[in-house]
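> using only what follows, build the 3D model:
(chains A and B)
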Amino acid sequence: DIQMTQSPASLSASLGETVTIECRASEDIYNGLAWYQQKPGKSPQLLIYNANSLHTGVPSRFSGSGSGTQYSLKINSLQSEDVASYFCQQYYNYPPTFGGGTKLELK
Amino acid sequence: QVQLQQSGAELAKPGSSVKISCKASGYTFTSYDISWIKQTTGQGLEYIGYINTGSGGTYYNEKFKGKATLTVDKSSSTAFMQLSSLTPEDTAVYYCARGGYYSGFDYWGQGVMVTVSS
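Sure, this is the predicted structure:
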């Protein structure tokens, strides 16, 4: 199975700040990557698919980039409602696998 | 709007089975596969498998073969997952989500907490 390593595991940032979360795959996943946001007690919500495509209804302050084995999620101008955990997921190879998550808190 | 409504929390004894449901609405049910994902604090998110809602064909993560059985009832737009021979390690939140192994999952159910305890 492809291993997905996310960093950092936790992150503290201020309102209005730009935040970047990284995800590294154990082999090339050819942009077969999604990012999810999960708030406490809720189900994950799709933010980004195909590494850089914004899912319908997701604010434009979220963006994804990367290629090969290295990918990142950027949140511009952090808002209070962005406090959540974030997960990456590869779907290039079966079975799909998830990163361990990044917990984002307000400073 | 697209919704996946899952059944309620389960408390089960070791060695027993549970069957949880995922009722879809707001789209053509047979146009999308349904996947199932397990979430625990320790292991994070794990992919169980998916079912082709049109044909009933299934794909399982090797880790969950023999543990999970996926079925579908097209007449009620509902997907099911049965978990058998339950152990405390099966205690988790289980989600259904729209999409197959080849894509991201664009809509998720609210999750079902399954607790295995004697």
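> give me the sheet partners of the helix or strand B:Gln82 falls within and which way each runs.
Assigned by DSSP states H and E, B:Gln82 belongs to strand B:78-83. With DSSP bridges as the test, strand B:78-83 is paired with strand B:18-25 (antiparallel), strand B:68-73 (antiparallel).
> average model confidence for the helix or strand that comes right after it?
With elements assigned by DSSP H and E, the helix or strand that comes after strand B:78-83 is strand B:92-98. Mean pLDDT, strand B:92-98: 98.
> in its sheet, what does the helix or strand just after strand B:92-98 sit against?
Where DSSP H and E defines the elements, the next helix or strand beyond strand B:92-98 is strand B:107-108. With DSSP bridges as the test, strand B:107-108 is paired with strand B:92-98 (antiparallel).
> for chain B, what's its nearest residue on chain A.
Going by CB to the nearest CB, chain B is nearest to A:Ala34 of chain A, at 3.2 Å. Where C-beta positions appear, they are placed from N, C-alpha and C, glycine not excepted.
> which parts of chain B sit against chain A?
Within chain B, the residues that sit near chain A (CB under 8 Å from any CB of the partner chain) are B:35, B:44-47, B:49, B:59, B:61-63, B:95, B:101-111.
> beta-bridge partners for B:Glu10, please?
Here B:Glu10 sits in beta bridges with B:Val114, going by DSSP bridges.
> likewise for A:Ile48?
Taking DSSP bridges, one obtains A:Trp35, A:Leu54 as the residues bridged to A:Ile48.
> that one touches A:Ser65, doesn't it?
No - using CB atoms under 8 Å, A:Ile48 makes no contact with A:Ser65, being 9.3 Å away.
> looking at these two now, which is surrounded by more residues?
More crowded of A:Ile48 and A:Ser65, by other CB atoms under 10 Å in any protein chain shown: A:Ile48, with 24 against 13.
> pLDDT at the more buried one, what is it?
97.
> which parts of chain A are helices?
For chain A, none of the segments meets the definition of helices by DSSP state H.
> the residue nearest to A:Pro44 when sequence neighbours are not counted: neighbour count?
Leaving aside its sequence neighbours, A:Pro44 sits nearest to A:Tyr36 (CB to CB, 6 or more residues apart in numbering or on different chains; 3.9 Å). Using other CB under 10 Å, A:Tyr36 is surrounded by 27 other residues.
> around chain B, pick out the residues from chain A.
Within chain A, the positions lying close to chain B (CB under 8 Å from any CB) are A:34, A:36, A:42-46, A:48-50, A:55, A:87, A:89, A:91, A:94-101.
> how many residues are close by residue 94?
Because you didn't say which chain, this covers chain A. As a burial measure, A:Tyr94 scores 16 neighbours (other CB under 10 Å).
> not quite, go with chain B.
By other CB under 10 Å, the residues close to B:Tyr94 number 23.
> and the residue lying closest to it once chain neighbours are set aside, how many neighbours?
Nearest non-adjacent residue to B:Tyr94, counting by CB to CB, 6+ apart: B:Val112, 5.0 Å away. Neighbourhood size, B:Val112 [other CB under 10 Å]: 20.
> where does chain A have low pLDDT?
For chain A, applying pLDDT under 70 flags no range at all.
> and the strands in it?
Taking DSSP state E to define them, one finds strands in chain A at A:4-7, A:10-13, A:19-25, A:33-38, A:45-49, A:53-54, A:62-67, A:70-75, A:84-90, A:97-98, A:102-106.
> show me which residues of stretch A:75-82 are buried.
Neighbour-count burial for stretch A:75-82, counted by 16 or more other CB atoms under 10 Å in any protein chain shown, picks out A:Ile75, A:Leu78, A:Asp82.
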